[in-house]
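*Asks:* here is my input; please provide its structure:
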Amino acid sequence: MAAENLPLVILTHSLPAEWLTKLEGKCRTVVGPWDATHFDASLEPYLAEAEGLFCLLTIKVDEELLKRAPKLRVVSNMAVGYDNIDVAACTARRIPVGNTPGVLTAATADLTMALLLAAARQIPQASKDAREGRWITWSPAGWLGADLEGTTLGIVGMGKIGRAVAQRAKGFGMKLLYTDIPLPPEIESELGAKRVELPELLRESDFVTLHVPLTPETRGMIGEEQLRMMKPHAILVNTARGPVVQTAALLKALQQNWIGGAALDVTDPEPLPPDHPLYAQPNCLIVPHIGSATRNTRRRMAELACENLLAGLEGRHLPNCVNPEVYAEA
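*Replies:* Model prediction:
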């Protein structure tokens, strides 16, 4: 097919070329800036002709954008979550929406444990003190952290990532509680995990880690009431979505020592402004949404997004489709 006859695809962000080789010879592309926080104005002239949209979770794909893209046949999100996309609006237009589940499970679980360990052992503060000359000698009472072995980890959301965290935590000798649909008894037994309701999990856990998708039900699910239930030494880890936690309530909890600390890969808002008071809390560790940030994981995410995109352009079922009802209706 001549290049001018290939379908036009908008990539909202520039990505390494080697991540996108699957698209070569299959479509024409226009590309937005690597650091876009919204749909870039330079891409607007192409919306009327675009048949495919390859986007990141920072780009809002809503009714207004869809109205400006009448030929759109597929939306491919390079992320597991898709709360940035109005899925109902896409479904009404019979546009399949793709995501990239599975490939980032291990990377996100690894980061969860890294954050948990860093917060528990006060690694950021200890490193800062060493660089700034406060490491005078070996100090028996200096930089004391928390043990993991024998403590209780509460996992809120026992999907693929939650289960991968459970497997890692078991290796550290932690006791496991979880909230979610009950696991099969054999898996519960293998992990040594016990299902409880959220209030009990919060009261009993020394560490609480969040692994739920952002939905109307989970938005703000950790607020003042829930934070007050936690142990005074407990550490909250969030590698899910920022709005699952009420930011003002978390700040208050850290300032008033309701909990021992927090470690956040995601925030609300995101990114968190540099002058936000959460950064000033010595018991709060914040990193810039790097749960899937390994070379292999990000490349595989991009490749899956390409596979979804091409399937949509070719009229095939997307390998990973979040609204399969578009096919049932057909």
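
*Asks:* so who does the residue sitting nearest the centre point of the chain touch?
*Replies:* Centroid-nearest residue in the chain: A240, 4.4 Å away (criterion: Cα atoms, centre = their mean). Going by Cβ atoms under 8 Å, 6 or more residues apart in numbering, A240 touches G157, L210, H211, V212, P213, L214, V266. All C-beta spots, glycine's among them, are computed from the backbone N, C-alpha and C.

*Asks:* for the chain, what are the low-confidence residue spans?
*Replies:* Scanning the chain for pLDDT under 70 picks out 1-2, 329-330.

*Asks:* now W138: phi and psi?
*Replies:* W138 has phi and psi values of phi -60, psi 120 when expressed as degrees, to the nearest 10.

*Asks:* for D129, same thing?
*Replies:* phi -60, psi -40.

*Asks:* residues near it, how many?
*Replies:* Using other Cβ atoms under 10 Å, D129 has 15 other residues around it.

*Asks:* check contacts around I85.
*Replies:* I85 is in contact with C55, V61, V75, N77, V97, counting by Cβ under 8 Å, 6+ apart.

*Asks:* kindly report the same for E64.
*Replies:* E64 touches nothing, counting by Cβ under 8 Å, 6+ apart.

*Asks:* any idea whether it is helix, strand or coil?
*Replies:* helix (DSSP: H, G, I helix; E, B strand; the rest coil).

*Asks:* that one and D206: what is the separation?
*Replies:* According to Cβ to Cβ, to the nearest Å, E64 and D206 sit 46 Å apart.

*Asks:* just the closest of the contacts of I85 to A164, please.
*Replies:* Of all the contacts of I85, the one with the least separation from A164 (Cβ to Cβ) is N77, at 21.3 Å.

*Asks:* ramachandran angles for that closest one?
*Replies:* phi -100, psi 120.

*Asks:* shouldn't it be in contact with N84?
*Replies:* Yes - using Cβ atoms under 8 Å, N77 is in contact with N84, at 7.1 Å.

*Asks:* find residues that contact each of the two.
*Replies:* C55, L57, V61.

*Asks:* how much space separates the spatially closest residue to the last one that is not a sequence neighbour from V75?
*Replies:* For V61, the nearest residue in space outside its immediate sequence neighbours is I85; the separation is 4.4 Å by Cβ to Cβ, 6 or more residues apart in numbering. With the distance defined as Cβ to Cβ, I85 ends up 6 Å from V75.

*Asks:* what residues are shared contacts of the two?
*Replies:* Counting by Cβ under 8 Å, 6+ apart, the residues touching both I85 and V75 are C55, V61, V97.
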